[in-house]
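Enquirer: My questions are about this predicted structure, shown below with the sequence.
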Amino acid sequence: MRGHITDALQLALLALSLAKAQSGGVAVPRLAVIGNLTARDEACFSGPQPSAAYLDDSFLGDLMSVQAGPYNYSYHQFGPSGAASSGPVGKPILLIAGQGSTWSAWSPGLLRGLAQNRSVTIYDHPGLGRTTDGRGEMRNYTAAELAEGVYELVTALELEEPDVLGYSVGGAVALTTVITYPDLFRKLILVDTGAGGDGERLGGDAAVARPYLLDIFNTGQQVPGPILYPDTPAGNNGLCRAIAWYEAHKADAATTPQILTQAYLIDEYFGYPSTGDNFVYDNLGNVTLPTFVIAGDEDIVLDPLDKFLDSS
């Protein structure tokens with residue numbers, strides 16, 4: 001496996017028996033420029049496009065809101081119904097998105113697969129998308145603040161014994177949450193994240209990754225292909241699907257000022273560009289719930305948690 005997201009999520013699809021996304025030849029309008037386009041990005045606009053069925057988001061239902069602590073969370077909640085259900089209905093699952101990402105960053109294939117037999121909740125982080133902070137001002141959110149928000153959200157939605165999946169920064173928030181609130185979740189799934197602080201190491205190609213990470217903050221780029229999708233036929237197909245989904249949901253993405261509210265968290269937890277906090281690193285031994293770790297073995301952003309665990 002390689003990359004910071006796609007192959008890891010492909011493994012998640014396999015491990016969790018998720019449905020394979022559809023593809024076809026329906027044209028998708030080019031609505032906006034995504035960061036600094038590369039030749040691979042341009043090819044996505046001129047080549048075969050994902051099908052209308054793949055881009056159909058009606059399965060998400062209405063975008064809802066709930067007050068939880070100081071935050072008014074924007075979220076989707078959806079799941080099995082009638083013939084769409086495949087087998088017994090499992091425990092609900094909460095998905096915590098990565099850096100600068102709203103609910104719209106999740107792959108529709110992943111969401112459809114999970115929703116076959118689970119109630120799925122996806123949401124906008126405080127300060128991102130349509131989730132608002134009652135305190136009003138723009139803030140530099142910490143992992144601890146976002147974890148407290150997760151607790152408030154799960155409580156407000158009355159989720160019973162939910163599982164949680166955290167990707168990248170969302171994994172940092174998930175780990176912080178399960179350490180702080182050990183009885184909140186039933187099981188933990190970590191995708192391409194790290195232990196933070198002294199347990200964190202930038203990946204071997206960090207010099208390649210840094211410009212694209214900065215581009216996310218500087219331009220609001222949501223699909224930085226070189227760090228997410230390998231330059232292979234499968235990787236390029238995944239990139240084109242992600243771009244098409246992003247283009248169709250650009251109004252739901254975070255703005256650049258909103259994305260900057262997570263800049264401090266990146267420094268605080270992952271130690272970029274300085275040194276991170278050791279709260280999670282020092283308390284990994286207190287994580288007792290069943291945990292499934294997924295990571296790309298050629299991740300150029302950071303050395304993921306699986307490598308830390310291998311050496312512990």
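Expert: Perfect, I can see it now. What you see is a predicted model; the values in this text were computed from it and never measured.
Enquirer: low pLDDT regions in this structure?
Expert: By pLDDT under 70, the low-scoring segments of the chain are 1-38, 81-88, 198-227, 256, 263-264, 266-276, 297-312.
Enquirer: the helices in the stretch 51-200 of the chain, which residues?
Expert: Read by DSSP state H, counting those that start in this stretch, the stretch 51-200 of the chain holds these helices, from start to end of the chain: 52-55, 108-115, 143-157, 169-180.
Enquirer: The lengthiest strand in the chain packs against which elements?
Expert: Counting residues, the longest strand found in the chain (DSSP state E) is strand 71-78. Under the contact criterion of 3 or more CB pairs under 8 Å, 6 or more residues apart in numbering; DSSP states H and E, the helices and strands touching strand 71-78 comprise strand 64-68, strand 120-123, strand 132-133, helix 143-157. (Glycine included, C-beta is placed from N, CA and C.)
Enquirer: rewinding a little: deepest-packed of the helices of the stretch 51-200 of the chain, please.
Expert: Taking mean count of other CB atoms under 10 Å as the contact definition, the stretch among those with the greatest mean neighbour count is helix 169-180, which reaches a mean of 26.
Enquirer: And that one, what does it pack against?
Expert: By contact count (3+ CB pairs under 8 Å, 6+ apart), the secondary structure elements abutting helix 169-180 are strand 93-96, helix 143-157, strand 163-167, strand 188-191, helix 263-270, helix 279-283.
Enquirer: Give the partner strands of the first one in its sheet and their orientations.
Expert: If I follow you right, that is strand 93-96. Taking DSSP bridges as the criterion, strand 93-96 forms sheet pairs with strand 120-123 (parallel), strand 163-167 (parallel).
Enquirer: Same list (the ones you listed) but as JSON lines, adding distance to Pro182.
Expert: Rendered in JSON lines, the data for the strands paired with strand 93-96 read as follows (distance: least, CB to CB, whole Å):
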{"stretch": "strand 120-123", "distance to Pro182": "20"}
{"stretch": "strand 163-167", "distance to Pro182": "12"}
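Enquirer: quick one: which of the helices and strands packed on helix 169-180 is nearest Glu42?
Expert: When those are compared for distance to Glu42 using CB to CB, the nearest one is strand 163-167, at 26.8 Å.
Enquirer: which residues sit against that closest one?
Expert: By CB atoms under 8 Å, 6 or more residues apart in numbering, the residues outside strand 163-167 that reach it are 5, 9, 12, 91-98, 150, 172-175, 177-178, 185-193.
Enquirer: 6 Å instead, please
Expert: Counting contacts by CB atoms under 6 Å, 6 or more residues apart in numbering, the residues outside strand 163-167 that touch it are 91, 93-96, 98, 173-174, 185-191.
Enquirer: quick one, that strand and helix 108-115 angle?
Expert: Inter-element angle recorded for strand 163-167 and helix 108-115: 170 degrees (by axes from the mean of the first three to the mean of the last three CA atoms, to 10 degrees).
Enquirer: coming back round to it: among the contacts of strand 163-167, find me the one that's closest to Ala143.
Expert: Within the contacts of strand 163-167, proximity to Ala143 (CB to CB) peaks at Val173, which comes in at 5.8 Å.
Enquirer: Can you tell me, leaving aside adjacent residues, what's nearest to the closest one?
Expert: In space, not counting the residues next to it along the chain, Val173 is nearest to Leu146; the distance is 4.6 Å by CB to CB, 6 or more residues apart in numbering.
Enquirer: circling back: ok, so of the contacts of strand 163-167, who is nearest Gly47?
Expert: The closest of these, once distances to Gly47 are taken by CB to CB, is Gly98, at 26.3 Å.
Enquirer: Hmm, that closest one is touching Gly171, no?
Expert: No - with contacts defined as CB atoms under 6 Å, Gly98 does not count as touching Gly171, sitting 8.0 Å away.
Enquirer: phi, psi of the residue nearest to Leu128 when sequence neighbours are not counted?
Expert: In space, and not counting its chain neighbours, Leu128 is closest to Ala254: 4.3 Å by CB to CB, 6+ apart. For Ala254, the backbone dihedrals (degrees, to the nearest 10) come out as phi -70, psi 150.
Enquirer: what sits against Ser168?
Expert: Contact analysis of Ser168 by CB under 6 Å, 6+ apart lists 98-99, 192-193.
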